[in-house]
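Q: after the sequence you'll find the predicted model.
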Amino acid sequence: MQALLLLVVSLELVAVAVALSIDPFVVRERQHREQGFDLPYHQRYVKSERASSEVKLTLVIAVTQLNVDLMEKLLLNKSTVGHASYALPHLNAEDVRGLVTNLDGVRAVRKYIEKHDGTIVLQSLNEEYLSVSMAVRSVERAFNTIVWNFRLVDGLSTSILRAEQYSLPLSLEAHVAAVFDLVHLPSSNSNVLKVSPATAPPSFASADQHSDRNFGASCPVIFPESLRRIYGLDVSTASPLASQCVLGSMKEMFDPQDLAQFQREFHQADTPIATIYHQSSGRTDGHAYCSTNPNDCQEASLDVQMMTSMGSAAKSYFYYEKDGLSIDANNVESDSSFVWFLSNLTAMADPPMVVSISYGGPEGDIHPVILRLFEIESIKLLLRGTTVVASSGDSGANYSPDLSFCGYYPQFPSSSRFVLSVGATIGGTEDSLIPTNEVGCSVELGSVITSGGGFSGISQGMPFQRGPVDYY
């Protein structure tokens, strides 16, 4: 009875507000729980003092997109052998833009941000995502909230600014899918672990001087020529129409001079990165950046080197992100990083045919809102004809954010049903330290890592996957 009375009072207050032309706020997201979902890593934070009112925050507002269910249906039909849509051409950029763009929503969000003294500093190419700079006092007023300083329990020296919940005015509710970096505390695993200079692997040696297994007593190395031999790849016959792209996340960049040296040492064709897509002017000189920030150039350099060695005839791209978008003041990656990347590729006139993502984290650390928006952006890019490939991780199949629970936890974004998940292997060569057929990497076999795996707790999987998963 008491709950019923509260509901009646709430409805009456909304009715009064509407009658007085006052736009009532609707609680949209709470930090610790939404629709019964708990993020275990939130327990690692402690709330301290209230944030200073003049401090600037950068938020990313995701505008609600149209025809999402229709797009997913189109994709499933297009992917089904024998369906009438299977042989039809892929959609072009204007087709996708016409399907999803919510012009009324974009206008409403822009007007609301300007009303509250916010500045839109960046927008995705189709305006689904707007990066907004606002003072804390403006954020608190615009989203009917309070911003606090949060610190990790284990002693993070700097603070993360977040609210415990936020609300949207009723008039804006239908136009906003999410507000990134306002209530979602970052996972303590959100930053890629960098190899310190003291423990960094040695520079590669000439292919003429070393065999695959002779690189170090405990560090067998597979060279490009060996991979091409194992998989029967003839790079000379690759189609010149092929294209591929590597994402450089977490401030990662590659060194073009290092790439050129790699290609000379291993007798490869000169395959420069044709175009660098970026949202910033701060890292256009990859060699200069990597010379002063070597720990930010390891993963990306490795990815670019191996991608060009396996597909030297393909047009190769490298995409890196704007500093203010992907990294906040505390060097924490924005929740919007992956979706922004996929969205901008979708809007390209000629997007790459294959996209490689080597970054990620435990699926249990990712909020369902973020997971859903990633799926939407993946659907759009797949309709353009692009395949998204993501690393399955290097911590096995039970990398749980809650260490008290044992289960098959996968890594995001490779856990998405719209992504081709790829894990590392070991063995399979005549001079391998593992004299077996090619198998998944495992520390029990002498590998440095155990390849990731598991079952998604959120993504339902494609229809053809459900039978084997249920059987398992």
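A: Nice, thanks for sending it over.

Q: just give the number of residues close to Phe262.
A: Residues lying near Phe262 (other Cβ atoms under 10 Å) number 20. To be clear about C-beta, it is placed using only N, CA and C from the backbone, and glycine gets the same treatment.

Q: again, but for Gln244
A: 20.

Q: quick one: it and Tyr317 touch, right?
A: Yes - applying Cβ atoms under 8 Å, one finds Gln244 in contact with Tyr317, separated by 7.0 Å.

Q: what residues are shared contacts of those two?
A: Pro352 (Cβ atoms under 8 Å, 6 or more residues apart in numbering).

Q: just checking, Arg372 is part of a helix?
A: Yes - according to DSSP: H, G, I helix; E, B strand; the rest coil, Arg372 belongs to a helix.

Q: distance of it from Ser416?
A: 10 Å (Cβ to Cβ, to the nearest Å).

Q: more neighbours: these two, which one.
A: A direct count of neighbours by other Cβ under 10 Å for Arg372 and Ser416 places Ser416 higher, at 22 against 16.

Q: for the more buried one, what are phi and psi?
A: phi -70, psi 140 (degrees, to the nearest 10).

Q: tell me the contacts of Pro463?
A: Pro463 touches Leu76, counting by Cβ under 8 Å, 6+ apart.

Q: same question for Ser239.
A: Contacts of Ser239 (Cβ under 8 Å, 6+ apart): Ala313, Ala314.

Q: which helix or which strand is home to it?
A: Secondary structure from DSSP states H and E places Ser239 outside every helix and strand.

Q: quick one: pLDDT of it?
A: We have a pLDDT of 79 for Ser239.

Q: tell me how far it lies from Ala313.
A: Counting by Cβ to Cβ, the gap from Ser239 to Ala313 is 7 Å.

Q: gap between Gly423 and Ser451?
A: From Gly423 to Ser451 the distance is 4 Å (Cβ to Cβ).

Q: burial measure for His175, as a count.
A: Neighbour tally, His175, other Cβ under 10 Å: 18.

Q: you'd agree Asn144 is up against Tyr166?
A: Yes - with contact defined as Cβ under 8 Å, Asn144 counts as touching Tyr166 (6.9 Å).

Q: looking at those two, which has the bigger crowd around it?
A: Tyr166 (24 against 17).

Q: quick check: next helix or strand after the strand or helix carrying the more buried one?
A: Using DSSP H and E, Tyr166 maps to strand 165-169. Where DSSP H and E defines the elements, the next helix or strand beyond strand 165-169 is strand 176-180.

Q: okay, now the sheet partners of that following strand, with direction.
A: strand 56-63 (antiparallel) (DSSP bridges).

Q: how about residues contacting the partner strand?
A: 102, 105-106, 109, 113, 121, 127-136, 139, 147, 161, 175-182, 324-325, 328, 334-336, 339-340, 373.

Q: please narrow these to those residing in strands.
A: Mapping those onto strands (DSSP state E) picks out 121, 129-135, 147, 161, 176-180.

Q: just the buried ones from the residues you listed?
A: Buried by 16 or more other Cβ atoms under 10 Å: 129-135, 147, 161, 176-180, out of the ones in strands among the contacts of strand 56-63.

Q: possible to save the residues you listed as a markdown table with pLDDT and distance to Thr80?
A: As requested, these are exported to a markdown table (pLDDT from 0 to 100; distance: Cβ to Cβ, whole Å):
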| residue | pLDDT | distance to Thr80 |
| --- | --- | --- |
| Tyr129 | 93 | 30 |
| Leu130 | 93 | 35 |
| Ser131 | 90 | 37 |
| Val132 | 93 | 40 |
| Ser133 | 93 | 45 |
| Met134 | 95 | 45 |
| Ala135 | 97 | 51 |
| Val147 | 95 | 47 |
| Leu161 | 90 | 46 |
| Val176 | 95 | 33 |
| Ala177 | 93 | 28 |
| Ala178 | 91 | 30 |
| Val179 | 92 | 36 |
| Phe180 | 88 | 34 |
